[in-house]
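Novice: sharing a sequence plus its predicted fold:
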There are 2 protein chains.
Amino acid sequence: MAGDRADSRLSKRLILTMAITIKEVAELAGVSPSTVSRVIHDNPKISEDTKKIVNQAMKKLKYHPNAVARSLANSSTKTIGLILPNSSDDLFTRPFFIEAMRGISIYSQNNNYNLMYCFSKSEEEEVKFIRNYINSGWVDGIVLFTARKDDKCIAFLQEREFPFVVIGQPENGDNILWVDNDNVQSMYNVTSYLVEKGFREIALITGPEQFAVTRNRKNGYLQALKARGLKKNMNLILTGDSFSEETGYNCMKEILESPVKVEAIAAADDFLAFGAMKAMKEKDIELPIVGFNNSPRSSFQSPTLSTVDINPVLLGQNAAELLIKSLKGKLIPFKNVIVGTRLIERDTTAKY
Amino acid sequence: MAGDRADSRLSKRLILTMAITIKEVAELAGVSPSTVSRVIHDNPKISEDTKKIVNQAMKKLKYHPNAVARSLANSSTKTIGLILPNSSDDLFTRPFFIEAMRGISIYSQNNNYNLMYCFSKSEEEEVKFIRNYINSGWVDGIVLFTARKDDKCIAFLQEREFPFVVIGQPENGDNILWVDNDNVQSMYNVTSYLVEKGFREIALITGPEQFAVTRNRKNGYLQALKARGLKKNMNLILTGDSFSEETGYNCMKEILESPVKVEAIAAADDFLAFGAMKAMKEKDIELPIVGFNNSPRSSFQSPTLSTVDINPVLLGQNAAELLIKSLKGKLIPFKNVIVGTRLIERDTTAKY
DNA sequence: TTGTAGGCGTTATCAT
DNA sequence: ATGATAACGCCTACAA
């Protein structure tokens, strides 16, 4: 007498706002819940007839699987957590983050993964949020948006053996999933480009050394000089303590007010370049300069700034792809992806 | 003999990567799972002694509640879904969205709510994602980032009677949670400001009428004229078909090439203003102009653009607050919040 | 091919 | 104050 058992909800349903469950579909279709579950998962050994009946019942009742229950049973939420870093102002002035987020969403949405995000104010808070995501069981994997030297987030994730991917090349990244541009190569290209224009005394303005991106771009610069037979001049290498406009301004001012000869500038970030341009303007000097990241402002400066497009959307997409494939247990042939960059020639260099 | 029952997982635990459950804590503490649950929830009728014992056990085992199981039992995920709209390029060039997201995250994180997001390519896709969020049961409520005329997302959410909040004032918004600036007042202020500078022939460049923000700003403009005893001139009111720079350019060109006299411009968006400035430059004309939204570029144009700061972070924070309070069943005294704006005077108007 | 039963980890009701 | 038990909705051996 299944009909009068206590769990015969369909007939007794009073609260209409509650979602339809697999049991109710089963009841209407006259089969067992497991059969319905099998139909949902396209289990091969199910007869066409019952499949049809069950599908009709599902349609009639407007059944939709409850993802939470599913997650509990599968111990997988099909959700990825994004840890937005503490770069406070950067977050707003630079479209990098939202573009990368969009890239991640493109791949994830196509593969039925959900996305969670949180903003953090400090590296400690980042770790706190990661811990929280892991402990609560909300996410299957995590995306980090930056790789620092001695990165606490990475250390923590490794210790917990939790799946993650980094946008940016971590140190000791051998066993880590990451995506990045080839920052060595990109800056190599920028430097070579300036050398080919005929400049010899090329200054480099970078951000803090704790970021891999800084060390790599510096390397690219040095390698290019070497390859062209130019020797490095430490007075031309300025390491700022941030990627801000102010830092760029100070670095450029320092060079201009020193006796060092400069003919061109490679900046590791557009904002450093903006600051440098400001310093030059103040002294009524105009030197060729190239930035990095193709920030919107770069095409509206006067003169417009030559820069390098690092393709953040693609970085995000590849990050999501790496992580999701590894979550699915797919054998991925490589643990990291290099996304190509593109030098955009604008006013600050085109005329030379 | 509880010790040798089949579910005595603690003693038999082989797989160490599996998370600790309430049962294992109970076993170690020598109490029942329900007691542990009560300790977790600070249930008043629990003895200090057992509370202590249980807490020790939790600490020792590094227990953390499983949020998914909790959600299933509570039929609430404490998660909010954000529907990022289809404004493709806008998303990247304007920090509005990420700032609003940050605002939402501030309030949500403080109240232990999680955030999910998705990007959509069209209004249809937005509805699809909303449907998905609701049907799957992943989210308790939804945040919309824009309010269109005849908004399909809002209609769908209302039909499903699902909790949501809108950033932007919807039409027929009486029974809807929303936050917005007072767009009428803001543009009223801008217009009055220009009138006080002595200008009479003030042009208005707006985006499409389908957006409430457009209609409201237009209203503010008209009301200000009326209040100052100026009569409206339809030739000075340009309604663009987007908020883009190109649209602003075309509108301004149209005015400048017509016989109409213009003395100043109020633009409903910075990008419209950027376009207008470009059109003026081409004709070697410089008229006072005010934009909207305080986009980063506005302070780097030459001349720098006067604009209105709409405080997107606060908009986001208030949106989250409204939604979460209503989810918690708190009686909220108002169903909407008005966030103040601030006119920022820069080069395009300061000198007059 | 289909059904039964137990489990995923937590909460809540009802006893005691 | 504490424990047993049955949900929450779905999945999956195992049985038939």
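Specialist: That came in fine, so what should we check first?

Novice: which outside residues touch stretch A:129-143?
Specialist: Outside stretch A:129-143, the residues that touch it by C-beta atoms under 8 Å, 6 or more residues apart in numbering or on different chains are A:75-83, A:104, A:116, A:118, A:120, A:153, A:156-157, A:160, A:162-167, A:319-320, A:323-324, A:326-327, B:19, B:64-68, B:114. All C-beta atoms are positioned from the backbone trio N, CA, C, and that covers glycine.

Novice: run a quick neighbour tally on A:H41.
Specialist: Neighbour count of A:H41, defined by other C-beta atoms under 10 Å in any protein chain shown: 10.

Novice: tell me how far it lies from chain B.
Specialist: Distance from A:H41 to chain B, counting by C-beta to the nearest C-beta, to the nearest Å: 16 Å.

Novice: follow-up on the earlier one: select only the buried ones of the contacts of stretch A:129-143 in PyMOL?
Specialist: In PyMOL, a selection of the buried entries from the contacts of stretch A:129-143 looks like this (16 or more other C-beta atoms under 10 Å in any protein chain shown):
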select buried, (chain A and resi 77+78+79+80+81+82+83+104+116+118+120+153+156+157+162+163+164+165+166+167+319+320+323+324+326+327) or (chain B and resi 19+65+66+67+68+114)
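
Novice: so which of the contacts of stretch A:129-143 are in strands?
Specialist: Members of the contacts of stretch A:129-143 lying in strands (criterion: DSSP state E): A:T79, A:I80, A:G81, A:L82, A:I83, A:M116, A:C118, A:F164, A:V165, A:V166, A:I167, B:N114.

Novice: what is the nearest of the residues you listed to B:G240?
Specialist: B:G240 lies nearest to A:L82 out of the ones in strands among the contacts of stretch A:129-143, by C-beta to C-beta, at 34.5 Å.

Novice: please name the nearest non-neighbouring residue to that closest one.
Specialist: Once flanking residues are discounted, A:L82 sits nearest to A:Y117: 4.3 Å by C-beta to C-beta, 6 or more residues apart in numbering or on different chains.

Novice: so that neighbour sits against A:G81, correct?
Specialist: Yes: using C-beta atoms under 8 Å, A:Y117 is in contact with A:G81, at 7.2 Å.

Novice: what does the stretch 251-352 of chain A put close to chain B?
Specialist: By C-beta under 8 Å from any C-beta of the partner chain, the part of the stretch 251-352 of chain A that sits against chain B consists of A:F274, A:P296, A:R297, A:F300, A:Q301, A:S302.

Novice: which residues in chain A form strands?
Specialist: With strands called from DSSP E, chain A shows them at A:79-84, A:114-119, A:141-144, A:164-167, A:177-181, A:202-206, A:237-239, A:264-267, A:289-290, A:307-309, A:336-339, A:342-344.

Novice: now the residue nearest to A:L82: how far from DNA strand C?
Specialist: 24 Å (C-beta to the nearest atom of the strand, to the nearest Å).

Novice: residue of the stretch 251-352 of chain A nearest chain B, please.
Specialist: The nearest approach of the stretch 251-352 of chain A to chain B comes at A:P296, 5.2 Å away (C-beta to the nearest C-beta).

Novice: for burial, what's the neighbour tally of that residue?
Specialist: A:P296 - counted by other C-beta under 10 Å - has 19 other residues nearby.

Novice: ok, and the closest non-adjacent residue to it?
Specialist: Distances taken as C-beta to C-beta, 6+ apart put B:T93 closest to A:P296, at 5.2 Å, once the chain neighbours are dropped.

Novice: doesn't B:F271 make contact with that neighbour?
Specialist: Yes: look at B:T93 against B:F271 with C-beta under 8 Å: they come within range, at 7.5 Å.
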